[in-house]
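Asks: would you be able to build a 3D model of this:
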Amino acid sequence: MRKEIIIAVLIGLTLGLIITYGFYTAQLNTRNSQGTKKNDLELTPDPTSEVKSETKLKLTSPDNEIVVAVATLTVSGTTSPHSFVTVSLLDETQVAIADDQGNFTFELTLNPGGNQIVVQSLNEDNEVENLNRSVIYDDEKITVATASATAVSPTPKPTTKP
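Replies: Sure, this is the predicted structure:
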């Protein structure tokens, strides 16, 4: 019985190698028939291709690292027209499509403390752009110390002459 297992394994191994060699030879023949040579595979820059110089995803609101006192925050900005835009805050993700001018707006509910907002844009050319914003939500009243505008003058005391 052991001898039969060894023979079956050797036959399977031989058959697998023959099939693999056949696929390898077939691929070489199709490459040679198409005229593809090793030198043709070198990457050369296309003179008509554009180099992406600036990002199209821009956020108009909120600014980065701001402190807000209300839990509702509006995230708005611009990107390429008709792009898919996602805004993520912790485990909540909202998706929308930018309008004809590329504008988008989202309403988020912030958690107390620090909030990391991730905005992603996917345009029609399958290019993805990302922007991150940190927003701190503090619902306690923030007081700002200001200098008093009125000066307090000492009360004049009458003087007596001896």
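Asks: run a quick neighbour tally on Phe106.
Replies: A total of 19 residues lie near Phe106 under the criterion other CB atoms under 10 Å. Quick note: C-beta positions are derived from backbone N, CA and C, even for glycine.
Asks: got the end-to-end distance for stretch 106-116?
Replies: For stretch 106-116, the first-to-last residue distance is 15 Å (CA to CA, to the nearest Å).
Asks: centre of the chain versus stretch 108-121, how much separation?
Replies: Stretch 108-121 has its average C-alpha position 13 Å from the chain's average C-alpha position, going by CA atoms, centre = their mean, to the nearest Å.
Asks: would you mark the buried spots in that stretch?
Replies: Residues of stretch 108-121 classed as buried by neighbour count (16 or more other CB atoms under 10 Å): 108, 110, 115, 117, 119-121.
Asks: residue contacts, Glu106?
Replies: Small correction: residue 106 is Phe, not Glu. Applying CB atoms under 8 Å, 6 or more residues apart in numbering to Phe106 gives the contacts 74-76, 85, 87, 94, 96.
Asks: which residue is nearest the centroid of the chain?
Replies: Relative to the mean C-alpha position of the chain, the nearest C-alpha, by CA atoms, centre = their mean, is the one of Asn130, at 2.7 Å.
Asks: all helices of the chain, in order?
Replies: For the chain, applying DSSP state H gives helices covering 2-34.
Asks: where do the strands sit along it?
Replies: If you assign secondary structure with DSSP state E, the strands in the chain sit at 58-61, 66-68, 72-78, 84-89, 92-97, 103-109, 113-122, 128-137.
Asks: among those, which is the most enclosed?
Replies: With neighbours defined as mean count of other CB atoms under 10 Å, the strands of the chain peak in mean count at strand 84-89, which reaches a mean of 20.
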